[in-house]
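Novice: Sequence plus the predicted model coming up.
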Amino acid sequence: MASRPLTGREQARLKAMNRQLYPARLRVLWTGAFQLDYRKKGQVFRRVVGHELEEAYERALLIRKNLDGLPVISARDVTLTDWHSQWMQGRGNLAESTKDVNSYYWAAIPELLKSKRLNRITEEDVRTVLAVFDKPVMQENVGAYLSTCFKAAVKAKLLVESPWSQSKKRRKKAMVILSPEELKKVFEAASPSTRAGLALAGFCGLRLEEIMGLRCEDVDTEKRIIYVRRARLKIFGRNSREVVKDTKTGKPRVVPIPQIALPFIPLSVKDRKGEEYLYPKYRKDFPNRLRTACRQAGVQRVTMHELRHVCGSNLMMTGGVAVAQAVLGHSQINTTVDIYGHLNSSYLVRQMELANGLGEEGIRLTVLATKFIEHDDPEIREMAVLAVQVCQKMSK
């Protein structure tokens, strides 16, 4: 009988199968049957392996395995669990924290999807699984993880196309920029045991894991220098443990301690053993302590990592991008500009006035006059308004 033409999807599938079978080749005969052609050491091997594409591929895999002993995974029988195990074995260079996060998302996926054949999973199956989760953030994270897993299966030639494609959306929010005086108020309101760590984050731009990785020998209060050589993480859960690794960029850096930060760093550091950690016990309570300090200081709440953003933005507004990049330890200057380039309104006003020709004295007068516009004394209010108007005219 005459063979029916293959559909576009079947042709793409056959092409992917032949990449997996190489140097063997599966082709369709005029009768509609599929034949396996294999040439080895001058010998030609040909065998009809069936009329259904998936069935023919399954038999072709077994034949090739028997011929040259190669360990081939059957795309027909492999389940999502089987593929996930093989995929994770090839990702042994992942960080321990990343592995734990991946294990958490994998454990949350229902067994009904895990036991399903990889090439039988549809978009509707994934949607049904994600609908189980109540929190949108969990739906997004599990969906992105499955998407990465399917893309890896496509790359391994086990799938023609991924049944689910999704990426994590990076949410950007307006950043709170605190002045050095506001930071000082927050750190003074914090508990004594956390002041040093918070000051290192807000004034020196250190990450939490870098603060926890500091040893006493890394902090030189006399030379006002900090040597950031390592990061220390705490992984919570059933396999709770501490992990000490290199910094995020893999390179140590030297960070100067500004004068405003010195009062918050205990002078007793130099009297302690050099190899002792600045915080011997890993402090997971820093975020809560910071929240309390912000409330007591009457300052808008910031997180630990936002303190690093505040430091980077303040450095950019005073020392420039190059200084901020060096202190924060970014390997790419684009990271410093795009992610940490938050500028406060007073700085923008100042730069706009300078651009429009108003001198330093005029800027200072404008700032002082603005503070008295809502004064209780009507004469002072009138004088403040008049001063602002004069400065505006001077800038034109």
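Specialist: Nice, thanks for sending it over. From a predicted model like this one, the values you see are computed outputs, not experimental measurements.
Novice: Against Glu10, how distant is Leu208?
Specialist: 53 Å (CB to CB, to the nearest Å). Backbone N, C-alpha and C define where each C-beta goes, glycine included.
Novice: now do Val28
Specialist: Counting by CB to CB, the gap from Val28 to Glu10 is 9 Å.
Novice: With Arg25 instead?
Specialist: 16 Å.
Novice: As PDB, could you dump the C-alpha coordinates of stretch 23-40?
Specialist: Taking Å, rounded to 0.1, in the frame of the first residue of the first chain, the C-alpha atoms of stretch 23-40 are listed here in PDB:
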ATOM      1  CA  PRO A  23      24.900   7.100  13.500                       C
ATOM      2  CA  ALA A  24      21.900   4.900  12.800                       C
ATOM      3  CA  ARG A  25      19.000   6.400  10.900                       C
ATOM      4  CA  LEU A  26      15.200   5.800  10.900                       C
ATOM      5  CA  ARG A  27      13.400   6.400   7.600                       C
ATOM      6  CA  VAL A  28      10.000   5.800   6.200                       C
ATOM      7  CA  LEU A  29       9.500   3.400   3.200                       C
ATOM      8  CA  TRP A  30       7.000   3.800   0.400                       C
ATOM      9  CA  THR A  31       4.900   1.200   2.100                       C
ATOM     10  CA  GLY A  32       4.400   3.400   5.100                       C
ATOM     11  CA  ALA A  33       6.700   1.200   7.300                       C
ATOM     12  CA  PHE A  34       9.700   2.600   9.100                       C
ATOM     13  CA  GLN A  35      13.100   1.000   8.500                       C
ATOM     14  CA  LEU A  36      16.300   1.300  10.600                       C
ATOM     15  CA  ASP A  37      19.500   1.700   8.600                       C
ATOM     16  CA  TYR A  38      22.800   1.200  10.500                       C
ATOM     17  CA  ARG A  39      26.300   1.000   9.000                       C
ATOM     18  CA  LYS A  40      29.100  -0.300  11.100                       C
END
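Novice: Go through it and flag the buried ones.
Specialist: Burial within stretch 23-40, assessed by neighbour count using 16 or more other CB atoms under 10 Å, is assigned to Ala24, Leu26, Val28, Ala33, Phe34, Gln35, Leu36, Tyr38.
Novice: Kindly report the same for stretch 225-244.
Specialist: Here stretch 225-244 shows Ile226, Val228, Arg229, Arg230, Ala231, Arg232, Leu233, Lys234 as buried, counting by 16+ other CB under 10 Å.
Novice: pretty sure the fourth one is in contact with Glu217, am I right?
Specialist: No: in this structure, Arg230 sits apart from Glu217 without contact. The criterion is CB atoms under 8 Å, and the distance is 11.9 Å.
Novice: Over to Gly119. Which of the three states is it?
Specialist: Heads up, residue 119 is Asn, not Gly. Using DSSP: H, G, I helix; E, B strand; the rest coil, the structure places Asn119 in helix.
Novice: In this structure it contacts Lys157, no?
Specialist: No: in this structure Asn119 lies outside contact range of Lys157 using CB under 8 Å: 11.4 Å.
Novice: give me the element the residue lying closest to Phe45 once chain neighbours are set aside is part of.
Specialist: Nearest non-adjacent residue to Phe45, counting by CB to CB, 6 or more residues apart in numbering: Tyr38, 4.3 Å away. Take DSSP states H and E as the rule and Tyr38 turns out to sit in strand 34-40.
Novice: Next one: Ala156 from Leu118, what distance?
Specialist: Look at Ala156 and Leu118: by CB to CB, they are 10 Å apart.
Novice: more crowded one of the two?
Specialist: Higher neighbour count among Ala156 and Leu118: Leu118, with 22 against 15, using other CB atoms under 10 Å.
Novice: residue contacts, that one?
Specialist: Ala75, Val78, Thr79, Leu80, Asp82, Trp83, Ala153, Leu158, Leu159 (CB atoms under 8 Å, 6 or more residues apart in numbering).
Novice: contacting residues around the last one?
Specialist: To tie it back to what came earlier, the one meant is Leu159. If you count contacts by CB under 8 Å, 6+ apart, Leu159 has them with Ala16, Ala75, Leu118, Asn119, Phe150, Ala153.
Novice: any weak-confidence spans in the stretch 151-300 of the chain?
Specialist: Along the stretch 151-300 of the chain, the parts satisfying pLDDT under 70 run over 168-175, 237-238, 267-268, 270-271, 274.
Novice: All the strands of it, in order from the start?
Specialist: 219-220, 225-228, 231-235, 241-245, 253-256 (DSSP state E, counting those that start in this stretch).
Novice: Take the ones you listed and lay them out in TSV including distance to Arg283.
Specialist: Below are the strands of the stretch 151-300 of the chain laid out as TSV (distance: least, CB to CB, whole Å):
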stretch	distance to Arg283
strand 219-220	16
strand 225-228	17
strand 231-235	9
strand 241-245	12
strand 253-256	20
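Novice: Out of those strands, flag the one nearest Asn102.
Specialist: Taking CB to CB as the criterion, strand 231-235 is the member of the strands of the stretch 151-300 of the chain that comes nearest to Asn102, at 12.8 Å.
Novice: Walk me through which strands the closest one pairs with, and which way each runs.
Specialist: Strand 231-235 pairs in its sheet with strand 241-245 (antiparallel), by DSSP bridges.
Novice: now the strand it pairs with, how far from the centre of its chain.
Specialist: 19 Å (CA atoms, centre = their mean, to the nearest Å).
Novice: Could you tell me which residues within stretch 81-96 count as buried?
Specialist: Thr81, Asp82, Trp83, His84, Trp87, Met88.
Novice: if you look at the residues you listed, which of them are in helices?
Specialist: Cross-referencing the buried residues of stretch 81-96 against helices under DSSP state H gives Thr81, Asp82, Trp83, His84, Trp87, Met88.
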